[in-house]
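Colleague: Here is my input, please return the structure:
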Amino acid sequence: MGLFSIFTKEKKETLDKGLEKTKESFFSKITRVVAGKSKVDDEVLDNLEEVLLTSDVGAETTLRIIERIEKRVARDKYVGTDELNRILKEEIAALLEDNDTLDGDDFSLPESSDPYVIMVVGVNGVGKTTTIGKLAYQFTKAGKKVYLGAADTFRAAAVEQLVIWGERVGCPVIKQKMGADPASVAFDTLSSAKANGADVVIIDTAGRLHNKVNLMNELSKIKQVMNKVIPNAPQEVLLVLDGSTGQNAFEQARQFTKATDVTALAITKLDGTARGGVVIGISDQFKIPVKYIGVGEGIDHLQVFRKHEFVDSLFKS
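Modeller: Next up, the predicted model:
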């Protein structure tokens, strides 16, 4: 059954508004690059490279984009600066296609007698618990029975925030006392969800990153315990990244992908930053699908990442 499958006019407007700061910053820089130039030459390409880097696209992805444009310039012999935006848009879209990035026309849950389990990871402050709440809202709105597990037992605020989201969305939150074993919370959550015929379980985890070995061990233990209740759980490990942190988001992605088997990404807070280029770079570099993007504070402002709509919105005049 499809979830989030219809991209309405309202969602498009929310995406456009959410990417406004990135777009304005990006195009003001592009305008300066082509000022006084009639064609795309080496100087324009050098300056464009700087624009992409300062837009947090990332070094590797920037070089790939520049190489693609260089090939087009060489092939077409003469490329006017008035064509640069169109070519850049086409090459970024092609780059995402080449990397087989998921396009969120329709996400579905596999048919199963067991709940679909999502383990959510990420450092504190990236919007992890809020993302869980908004995901729970979307699944609940689609008619799914959702259970939340408060396995970040090291921060009282994290548990309290998750409980508030549970009340707001109307889904049970399984918790234990502060300092409890996170794996025990995950076990209780899955056991309760399975016994009560839940469709989806979302497990919050601690956001520490100061010791990668401890983090790896903790996440591995949680997964092993969940497997005892539901084979192959979690079916999805969702890493939440704060898009407004720019290159820090890349570093967090590097650390967490080493610590656990991340299967999908959510990039939040894009509405409050001019650094939306991180979505392009992270999609390209980590070969892990960006599944969701946060483009506003509203409960329905977590959107499935649709690469075509994202690029269209970024380059919308």
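Colleague: quick one: contacts for the most centrally placed residue in the chain?
Modeller: Against the mean C-alpha coordinate of the chain, by Cα atoms, centre = their mean, the closest residue is residue 266 at 1.9 Å. Residues in contact with residue 266 (Cβ atoms under 8 Å, 6 or more residues apart in numbering) are 131, 238, 239, 240, 241, 290, 291, 292, 293, 294, 302. For the C-beta atoms, the positions are set from N, CA and C on the backbone; glycine is no exception.
Colleague: and these, which two are the farthest apart?
Modeller: Largest separation among those by Cβ to Cβ: 239 and 302, giving 14.6 Å.
Colleague: quick one, which of the two is more surrounded?
Modeller: The residue with more neighbours, out of residue 239 and residue 302, is residue 239; 29 against 23, by other Cβ atoms under 10 Å.
Colleague: Double-check that the residue nearest to the centre of the chain belongs to a strand.
Modeller: Yes - according to DSSP: H, G, I helix; E, B strand; the rest coil, residue 266 belongs to a strand.
Colleague: Could you give the bridge partners of the nearest residue in space to it that is not next to it in sequence?
Modeller: Counting by Cβ to Cβ, 6 or more residues apart in numbering, residue 266 lies nearest to residue 292, which is 4.0 Å off, once chain neighbours are set aside. With DSSP bridges as the criterion, residue 292 is bridged to residue 266, residue 304.
Colleague: Could you pick out which of the contacts of residue 266 are located in helices?
Modeller: The helices, defined by DSSP state H, take in residue 131 from the contacts of residue 266.
Colleague: just the contacts of residue 266 now: which is nearest residue 76?
Modeller: Nearest to residue 76 among the contacts of residue 266, with distances taken as Cβ to Cβ, is residue 290, at 31.0 Å.
Colleague: Distance from the chain centre to stretch 248-258, please.
Modeller: Centroid separation between stretch 248-258 and its chain, computed with Cα atoms, centre = their mean, to the nearest Å, is 13 Å.
Colleague: can you check stretch 270-289 too?
Modeller: With Cα atoms, centre = their mean, you get 8 Å for stretch 270-289.
Colleague: What distance do you get for residue 80 to residue 27?
Modeller: 17 Å (Cβ to Cβ, to the nearest Å).
Colleague: Let me fix that, I meant to ask about residue 267.
Modeller: Remark: distance between residue 267 and residue 27 (Cβ to Cβ) = 21 Å.
Colleague: now residue 231
Modeller: Counting by Cβ to Cβ, the separation of residue 231 from residue 27 is 50 Å.
Colleague: ok, how many other residues are close to residue 109?
Modeller: Other residues near residue 109 come to 16 when the count uses other Cβ under 10 Å.
Colleague: contacting residues for the residue lying closest to it once chain neighbours are set aside?
Modeller: Nearest non-adjacent residue to residue 109, counting by Cβ to Cβ, 6+ apart: residue 116, 4.9 Å away. Neighbouring residues of residue 116 by Cβ under 8 Å, 6+ apart: 109, 110, 199, 200, 201, 235, 236.
Colleague: so what secondary structure elements neighbour the helix or strand where residue 161 lies?
Modeller: Taking DSSP states H and E as the definition, residue 161 sits inside helix 156-169. For helix 156-169, the packing partners by 3 or more Cβ pairs under 8 Å, 6 or more residues apart in numbering; DSSP states H and E come out as helix 128-141, strand 146-150, strand 173-174.
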